[in-house]
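In: give the three-dimensional model of this entry:
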Amino acid sequence: MRIHFIAIGGAAMHNLAMAVASKQGYVVTGSDDEIFDPALTHLREAGLLPDEMGWHPERITSDIDAIILGMHAREDNPELVRARELGIKIYSFPEYLYEQTKDKIRIVVGGSHGKTTTTSMILFVLNRLGIEADYMVGAQIEGFERMVRLSDTAKYAVFEGDEYLTSPLDLRSKFLWYHPHYAILTGIAWDHINVFPTFPEYVETFRKFVNTIEDTFIYYEGDENLRQLAAEAPKSLTCVPYKEYTGDVEMQVFGKHNMQNLQAAMLACHSIGVKPEDFYREIASFTGASNRLEKICETADSVAYKDFAHSPSKLKATVNAVRERYPEKQLVAAMELHTFSSLMADFLPQYKGCMAQADKAFVYFNPKVIEHKRLTPITAEEVKEAFGTANVEVFTDSEQLQDKLRSLEYKNTALLMMSSGTFDGVNINQFAKELLSNG
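Out: Predicted structure coming up:
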């Protein structure tokens with residue numbers, strides 16, 4: 001079986017490529033116009049890195065059994081055009097995952113925030129209990145070689161369910177492909193404004209997802225939109241609400257959202273036969289998924305975390321969690337506006353009050369990124385006004401932000417760095433260690 005990946009360099013795509021390549025009898029090739037680390041290193045080590053960047057339609061031949069198309073490619077991609085001319089079967093990423101797991105029991109975790117952590121919790125416990133599962137998750141987890149696994153032997157498949165677009169050829173949400181037996185929704189907070197220009201449109205894609213669930217819908221009962229979706233759900237569906245975990249097992253992770261995620265993960269595991277007491281025993285040693293409120297360094301009296309938070313709900317939850325964890329420490333929080341939604345003027349008001357709990361709050365965005373994404377320019381003044389609290393200082397130059405952070409004293413401090421990017425090339429782990437040394 002020969003499979004070719006168009007836009008192989010994506011975070012999920014390159015992990016899927018490695019998973020497919022590990023299956024016996026499969027030959028994998030791929031292409032992209034740019035690939036960055038960690039995908040670059042992973043693909044090179046797996047022998048899957050294209051020998052040159054760019055699109056090469058002459059390499060799309062009739063002996064290819066299937067194309068897997070990534071979101072980075074455009075509809076007029078030369079390789080895609082050639083594949084369609086030859087009549088080669090074209091899969092999107094989620095469509096291929098479903099095709100490979102359609103005979104398995106599927107658990108899918110969706111929601112505007114917490115889905116990576118919740119999926120990671122489920123997989124961590126199943127792994128500790130020796131329960132084999134195929135999976136797709138958006139972060140590296142302790143004890144797992146990669147972020148995607150496909151096998152011929154696993155009875156279960158656990159997927160992180162993304163509401164973003166499926167592919168350039170399929171503008172539906174990815175998670176609509178998975179048809180889970182058991183599904184979690186952690187909450188609905190408006191995101192991806194470039195795809196869902198109004199909040200009702202955003203809610204609607206979650207409503208469609210609920211209608212694809214085959215057995216059980218597990219939802220956070222503190223979210224009024226999820227309560228409404230549960231009330232409207234098909235009568236054949238079992239709806240199970242949850243709150244945050246309040247038991248006495250000491251956990252490595254913290255924050256109200258993580259305790260909610262933990263309870264959701266327990267219910268999903270229980271749905272396939274895991275006893276709650278076994279779940280809580282194993283999850284006690286879970287330290288978190290990479291880049292999700294991940295502790296990166298600490299000194300005698302200070303600590304630093306990094307987080308993928310970028311949307312308003314994620315940002316607020318992360319800042320509040322660190323404040324609750326370290327009420328006596330100075331909280332210094334820096335975040336980068338990096339995604340389409342976060343850089344759109346119409347969406348900025350959603351950030352009001354998100355960093356209010358920080359003692360010092362810094363927001364960074366690069367005007368060149370806005371230009372590259374072909375968005376309407378925004379100003380530092382507009383961003384500061386949108387965040388709406390006096391503690392927020394806005395930077396449009398990464399070097400100036402770094403200089404500002406270096407000028408602070410970090411005695412008895414909790415430092416929080418949040419971005420889905422890198423603050424324009426900053427090694428966040430190394431930078432945090434440098435800052436904490438100034439304590």
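In: leaving out chain neighbours, which residue sits closest to residue 225?
Out: residue 188 (4.4 Å; C-beta to C-beta, 6 or more residues apart in numbering). (C-beta placed from N, C-alpha, C; glycine too.)
In: now for the one you found, how many residues are close by?
Out: 26 (other C-beta atoms under 10 Å).
In: ok, it - contacts?
Out: 111-112, 202-203, 206, 223, 225-226 (C-beta atoms under 8 Å, 6 or more residues apart in numbering).
In: counting contacts, what elements does the lengthiest helix in the chain pack onto?
Out: Across the chain, the longest stretch assigned as helix under DSSP state H is helix 256-271. Secondary-structure packing of helix 256-271 (3 or more C-beta pairs under 8 Å, 6 or more residues apart in numbering; DSSP states H and E): strand 105-110, helix 115-128, strand 182-185, strand 216-220, strand 238-242, helix 276-283, helix 312-325.
In: please redo it, this time with the cut-off set to 6 Å
Out: In terms of contacts (3 or more C-beta pairs under 6 Å, 6 or more residues apart in numbering; DSSP states H and E), helix 256-271 is packed against helix 115-128, strand 182-185, strand 216-220, strand 238-242, helix 276-283.
In: most tightly surrounded among the ones you listed?
Out: strand 182-185 (a mean of 28; mean count of other C-beta atoms under 10 Å).
In: and that strand, which strands flank it?
Out: If you go by DSSP bridges, strand 182-185 pairs up with strand 105-110 (parallel), strand 216-220 (parallel).
In: out of these, nearest to residue 163?
Out: Of all these, strand 105-110 sits nearest to residue 163, with 6.5 Å by C-beta to C-beta.
In: for that closest one, what is the average pLDDT?
Out: Averaging pLDDT along strand 105-110 gives 98.
In: what does stretch 250-262 give?
Out: pLDDT averaged over stretch 250-262 gives 92.
In: try stretch 181-200
Out: On average, stretch 181-200 scores 93.
In: buried residues in stretch 72-88?
Out: Across stretch 72-88, burial judged by 16 or more other C-beta atoms under 10 Å covers 72-73, 77-80, 82-83, 88.
In: where does this structure dip in pLDDT?
Out: 439 (pLDDT under 70).
In: tell me the domain boundaries of it?
Out: 2-87, 96-283, 294-436 (automatic domain parsing).
In: any idea how far the last one is from the chain center?
Out: What that stands for is domain 294-436. Distance of domain 294-436 from the chain centroid (C-alpha atoms, centre = their mean, to the nearest Å) equals 18 Å.
In: first to last residue in it, what's the distance?
Out: Its first and final residues considered, domain 294-436 spans 16 Å by C-alpha to C-alpha, to the nearest Å.
In: neighbours around residue 235, how many?
Out: A total of 4 residues lie near residue 235 under the criterion other C-beta under 10 Å.
In: equivalent analysis for residue 294, please.
Out: Using other C-beta under 10 Å, residue 294 has 17 neighbouring residues.
In: residues touching it, list them.
Out: Taking C-beta atoms under 6 Å, 6 or more residues apart in numbering, we find residue 294 in contact with 288, 306.
In: who is it paired with across the strands?
Out: residue 306.
In: tally of neighbours for residue 2?
Out: For residue 2, using other C-beta under 10 Å, the count is 14.
In: and what of residue 61?
Out: 13.
In: confirm that it sits in a strand.
Out: No: per DSSP: H, G, I helix; E, B strand; the rest coil, residue 61 lies outside any strand segment and is coil.
In: need the contact list for it.
Out: Taking C-beta under 6 Å, 6+ apart, one finds nothing in contact with residue 61.
In: mind redoing it with 10 Å?
Out: 2, 4, 82-83, 86, 88 (C-beta atoms under 10 Å, 6 or more residues apart in numbering).
In: again, but for residue 202
Out: By C-beta under 10 Å, 6+ apart, the neighbours of residue 202 are 112, 163, 173, 188-193, 195-196, 225.
In: kindly report the same for residue 69.
Out: 4-7, 13, 75, 77, 79-80, 83, 90-93, 95-96, 166-170.
In: one more: residue 366?
Out: 336-338, 343, 372, 395-398, 421, 423-424 are the contacts of residue 366 under C-beta under 10 Å, 6+ apart.
In: out of the contacts of residue 61, who's nearest residue 319?
Out: Of the contacts of residue 61, the one sitting nearest to residue 319 (C-beta to C-beta) turns out to be residue 4, at 43.0 Å.
In: in the chain, which spans are helices?
Out: Under DSSP H, the chain gives helices at 11-21, 39-45, 78-86, 93-101, 115-128, 199-210, 224-232, 256-271, 276-283, 312-325, 367-372, 380-387, 398-406, 428-436.
In: any idea how far residue 345 is from residue 367?
Out: 13 Å (C-beta to C-beta, to the nearest Å).
In: so what sits against both of the two?
Out: 377-379.
In: of those residues, keep whichever come out buried.
Out: Buried residues within those, defined by neighbour count using 16+ other C-beta under 10 Å: residue 378.
In: the shared contacts of residue 367 and residue 345 into JSON lines, with extra columns for distance to residue 251?
Out: As requested, the shared contacts of residue 367 and residue 345 are exported to JSON lines (distance: C-beta to C-beta, whole Å):
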{"residue": "377", "distance to residue 251": "44"}
{"residue": "378", "distance to residue 251": "39"}
{"residue": "379", "distance to residue 251": "42"}
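In: sorry, back to before: buried ones from the contacts of residue 366, can you make that a ChimeraX selection?
Out: The buried subset of those, as determined by 16+ other C-beta under 10 Å, is captured in ChimeraX by this line:
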select :336,337,338,343,395,396,398,421,423,424
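In: residue 169 and residue 70 touch, don't they?
Out: No: with contacts counted by C-beta atoms under 10 Å, residue 169 stays clear of residue 70, the gap being 11.3 Å.
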